[in-house]
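Q: Could you work out the structure for the sequence below:
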Amino acid sequence: MERAVLDEAGRNLLFRAARTHSAWLDRPVEEAKLVELYELLKWGPTSANGLPLRVLFLISRAAKERLRPALSPGNVAKTMAAPVTAILAYDTRFFEFLPKTFPHEPEAVSWFSGPGKENAALETAFRNCSLQGGYFILAARAVGLDCGPMSGFDRDRVDAEFFPDGRLRSNFLCNLGYGDPTRLPPRNPRLSFEEACRIL
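A: Reported below is the predicted structural model:
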C-alpha cells in the first residue's frame with residue numbers, strides 16, 4: 001500500500017514558501033489557535049516519548065514587558081509588535097511523566113532519576129525540546145500562523161523572571177502571528193544536497 005505524501009502546496013506551506021517574520025500585521029491570535037498548534041505538535045516523536053517541551057505563551061502587554069529586559073536590542077521591536085511570543089522551555093524533570101507517556105516500560109523513570117543521572121536527564125530534555133521546537137514551528141505554519149524564532153536573549157534573565165523555581169529552562173523564543181508579507185527581505189540561499197549531505 002502506497003503511503004500518503006504531502007502535495008506541493010503542503011510542502012510549500014511548511015517549507016519552501018515559509019519565512020521567518022519580523023514584521024507583523026495588527027491581527028490578534030486567538031487562544032484556540034494556540035491550543036490547535038499544541039494539539040498538532042504533541043504527536044511528534046521524542047526519546048521514550050518524554051515530551052519535555054513546555055510552552056509559555058506571552059500575549060498581554062504586561063507579560064511582554066516582563067520579557068523586554070532579557071531581549072537582545074535587535075529583537076525588542078519585533079517582539080513587542082508580535083501578537084504572541086512563545087517561550088519554549090524544557091522540563092528538567094520530564095521523566096516524572098513517563099509512567100503516563102511511556103507506560104509499557106516501568107523502569108523508564110530510573111533511566112533519568114537518581115545519583116549520577118542528572119546529565120542524562122538534562123541532555124535528553126534539551127535535545128528533545130529542541131526537536132519539539134521544530135515541530136512547534138511546523139505545526140504553527142500548518143494551522144496558518146507565521147513564525148519568528150529567536151535565540152537573541154538572556155536565558156538566565158528569562159528563567160529567573162518566568163521560571164524561578166528552576167524546574168523549567170528556556171531554550172528559544174518564537175514570535176507568532178500573521179506576518180506582513182510586504183516587509184520580507186529577499187530569501188537567503190540554502191546549501192545544496194552535495195554541500196550538506198553524504199551517503200555512505
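Q: what residue is smack in the middle of this structure?
A: With distances taken as CA atoms, centre = their mean, the residue of the chain nearest its centroid is G133 (2.9 Å).
Q: Farthest from the middle of this protein: give me that residue.
A: M1 (33.7 Å).
Q: Skip the chain neighbours and tell me the closest residue to N128.
A: T46 (4.3 Å; CB to CB, 6 or more residues apart in numbering). Every residue, glycine included, has its C-beta placed from N, CA and C.
Q: Please tell me I have it right and that neighbour contacts P52.
A: Yes - assessed by CB atoms under 8 Å, T46 is found in contact with P52 at 7.1 Å.
Q: any shared contact partners between those two?
A: N128, Q132 (CB atoms under 8 Å, 6 or more residues apart in numbering).
Q: Same drill for those two, tell me which one is more crowded.
A: More neighbours surround P52 than the other of T46 and P52, with 28 against 20 (other CB atoms under 10 Å).
Q: buried ones in the host helix or strand of Y38?
A: Per DSSP states H and E: Y38 is located in helix 31-41. By neighbour count with 16 or more other CB atoms under 10 Å, helix 31-41 contains the buried residues K33, L34, E36, L37, L40, L41.
Q: ok, those vs C147, which is closest?
A: L37 (10.2 Å; CB to CB).
Q: give me every residue that touches the closest one.
A: F136, A139, A140, V143, L145.
Q: Helices - which of those residues land there?
A: The members of these that map onto helices under DSSP state H are F136, A139, A140.
Q: Let me have those in TSV, extended by pLDDT, distance to E161 and neighbour count.
A: Converted to TSV, the ones in helices among the contacts of L37 look like this (pLDDT from 0 to 100; distance: CB to CB, whole Å; neighbours: other CB atoms under 10 Å):
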residue	pLDDT	distance to E161	neighbour count
F136	98	21	26
A139	98	26	22
A140	98	24	27
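Q: Would you mind checking which of those residues is nearest to L6?
A: Using CB to CB, the ones in helices among the contacts of L37 come closest to L6 at A139, 14.0 Å.
Q: who touches the closest one in this structure?
A: With CB under 8 Å, 6+ apart, A139 has these contacts: L37, Y38, L40, L41.
Q: Closest to Y178 out of these?
A: Once CB to CB is applied, the member of the contacts of A139 that ends up nearest Y178 is L37, at 13.7 Å.
Q: Please state the offset of the longest strand anywhere in the chain from the chain centre?
A: Criterion DSSP state E: the longest strand present in the chain is strand 168-177. Centroid separation for strand 168-177 versus its chain: 6 Å, with CA atoms, centre = their mean, to the nearest Å.
Q: Same check on stretch 2-11?
A: Relative to where its chain is centred, stretch 2-11 has its mean C-alpha point 24 Å off (CA atoms, centre = their mean).
Q: What is the most widely separated pair among the contacts of A139?
A: Farthest pair in the contacts of A139, by CB to CB: Y38 and L40, 7.2 Å.
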